[in-house]
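>>> how would this look folded up:
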Amino acid sequence: MKYGFAWTGGSLGGVLFDLKWLYHTVARGSWHLDRRLWRIFTPHISGGLSFFVLALVASGGLRIFDSKATDSLSLVLGLAFLVGYFSDSAIAKLTEVAETLFGTIRAKEKHYQSDANPKSQAETDSPQGR
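Numbers count the residues shown, from 1 in each chain. This is a model prediction of the structure:
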């Protein structure tokens with residue numbers, strides 16, 4: 001049950017984040033149809049990330065809270081919402097951590113990106129760049 005709450009809360013956070021950026025981009029006149037897939041998949045990514053963050057917290061593998069704190073459904077829902085809402089930033093930070101721990105082959109990616117698209121990586125990773 002708590003994992004269902006985590007998925008739901010994370011998805012709701014992702015939907016609200018998605019809608020916030022939708023009205024921002026429409027208001028600025030920078031909405032493009034090529035962002036459609038980002039809009040569709042953001043809530044699902046947020047829900048999935050929230051689900052696994054809860055699993056890590058409940059197992060004691062991620063010590064943000066005591067693993068017993070996940071017995072509170074309201075805490076689960078609130079935490080999942082925050083993880084879902086900030087999932088774009090959380091995934092970017094997790095990428096940095098993974099690159100630090102495991103290394104990276106970003107030099108090739110940057111080379112291919114500069115040939116295909118002159119935008120910087122920061123522009124393409126942020127919602128504003130989408």
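>>> residue contacts, the residue nearest in space to the middle of the chain?
Centroid check for the chain by CA atoms, centre = their mean gives residue 87 as the closest residue, at 2.2 Å. By CB atoms under 8 Å, 6 or more residues apart in numbering, the contact list for residue 87 reads 10, 13-14, 17, 42, 45-46, 49-50. Yep, even glycine has a C-beta here, placed from its N, CA and C like the rest.
>>> repeat that for 6 Å
Contacts for residue 87 (CB atoms under 6 Å, 6 or more residues apart in numbering) come out as 14, 45-46, 49.
>>> roughly how far apart are residue 76 and residue 23?
29 Å (CB to CB, to the nearest Å).
>>> of these two, who's got more company?
Taking other CB atoms under 10 Å, residue 76 and residue 23 do not tie; residue 76 has more neighbours (24 against 10).
>>> surely residue 2 is in contact with residue 77?
No: the criterion here is CB atoms under 6 Å, and residue 2 misses it with residue 77 at 8.9 Å.
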